[in-house]
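In: Give me a model of this one.
(one chain, ligands or ions: 1)
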Amino acid sequence: MNQISSYAETFRFYKGISEQYNDQVVLDSVKQLVPDEVLKLTADEQSLEPLLHWFKNNFMKWMPKELQCARCNRPMRVQLGDGNSAAFRKTEIHMCDVCSSTQIFPRYDKILRIAETRIGRCSEWSILFGAIVNSLLIQTRIVHDYLDHCWNESLINKKWVHIDSTLDYPISFDHPYYYEQNWGKKYEYVLAFSANSIEDVTTHYTQQWLMVQKRRGKKDKVEEFKEIYYRA
Ligand SMILES: [Zn+2]
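Out: Here you go, the predicted structure:
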């Protein structure tokens with residue numbers, strides 16, 4: 001698979017998620033997940049701190065990349081299966097080589113399925129958290145760095161603000177350089193998705209723009225991405 005077509009596949013996925021962010025049935029259902037006291041606190045809270053705290057500590061579970069077999073206490077092997085319906089992206093099958101016990105982790109692209117299972121990694125977390133914040137009438141989109149992480153941006157005081165529900169507050173709110181400074185991220189493209197548009201937001205997240213441009217090489221792909229996204 002060439003590089004552009006692997007981007008295109010994720011574009012279809014993020015476009016589908018962004019369209020669900022405009023679906024009032026989805027927004028009404030996810031809003032009902034939030035306890036009243038959290039909603040009340042969040043209403044006049046510019047940092048979304050109560051909501052971030054509740055989501056990370058009381059609502060969602062993290063799915064590790066590698067599971068331990070509960071019986072044998074040994075790491076399990078992971079196999080990837082293709083999604084077999086519109087509701088699935090792909091399925092992870094975790095298997096113990098000793099006792100053959102298996103655990104299946106289906107990765108959904110329907111927000112309401114993620115809301116039922118309440119488990120995942122950064123993609124499930126940011127897909128669902130973005131829907132919840134949109135349901136509170138704060139415009140929110142999903143951002144992917146194409147280096148194995150994704151998060152959200154919310155429009156607060158007319159500015160797109162970095163929000164990462166997988167991290168602890170205050171790092172989870174408006175700490176855009178955190179990944180580059182602490183995880184050594186070497187970005188090429190960080191992209192933000194809405195139902196009708198894709199935006200190159202890499203400059204929000206880097207203090208090493210010259211290095212990013214070097215990595216991109218002579219031909220910047222952003223215009224090409226936009227065309228692919230419209231067609232996706
Ligand atoms: Zn086992």
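
In: Could I get the pLDDT score of residue 146?
Out: We have a pLDDT of 93 for residue 146.

In: number of nearby residues for it?
Out: Per other CB atoms under 10 Å, the neighbour tally for residue 146 reads 16. From N, CA and C alone the C-beta is placed, and that goes for glycine too.

In: How about residue 116?
Out: The tally of other residues near residue 116 (other CB under 10 Å) stands at 12.

In: C-terminal to the lengthiest helix in the chain, which secondary structure element comes first?
Out: Longest helix in the chain, counting residues (DSSP state H): helix 3-20. Heading C-terminal from helix 3-20, the first helix or strand you meet, by DSSP states H and E, is helix 24-31.

In: Enumerate residues external to that next one that contact any of its residues.
Out: 20, 21, 39, 111, 112, 115, 128, 131, 132, 134, 135, 136 (CB atoms under 8 Å, 6 or more residues apart in numbering).

In: so can I have TSV of those residues showing distance to the ion, secondary structure and pLDDT?
Out: Putting these into TSV (distance: CB to the ion, whole Å; DSSP: H, G, I helix; E, B strand; the rest coil; pLDDT from 0 to 100) gives the following:
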residue	distance to the ion	secondary structure	pLDDT
20	37	helix	98
21	40	coil	98
39	43	helix	93
111	33	helix	97
112	33	helix	97
115	31	helix	97
128	31	helix	98
131	36	helix	98
132	36	helix	98
134	41	helix	97
135	41	helix	97
136	43	coil	95
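
In: Tabulate these in TSV, adding columns for neighbour count.
Out: As requested, those are exported to TSV (neighbours: other CB atoms under 10 Å):
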residue	neighbour count
20	21
21	22
39	15
111	23
112	16
115	21
128	26
131	26
132	25
134	23
135	21
136	17
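
In: wait, which of these is closest to residue 230?
Out: Nearest to residue 230, judged by CB to CB, of the contacts of helix 24-31 is residue 21 at 17.7 Å.

In: who's in contact with that closest one?
Out: 27, 130, 131, 134, 140, 141, 195 are the contacts of residue 21 under CB under 8 Å, 6+ apart.
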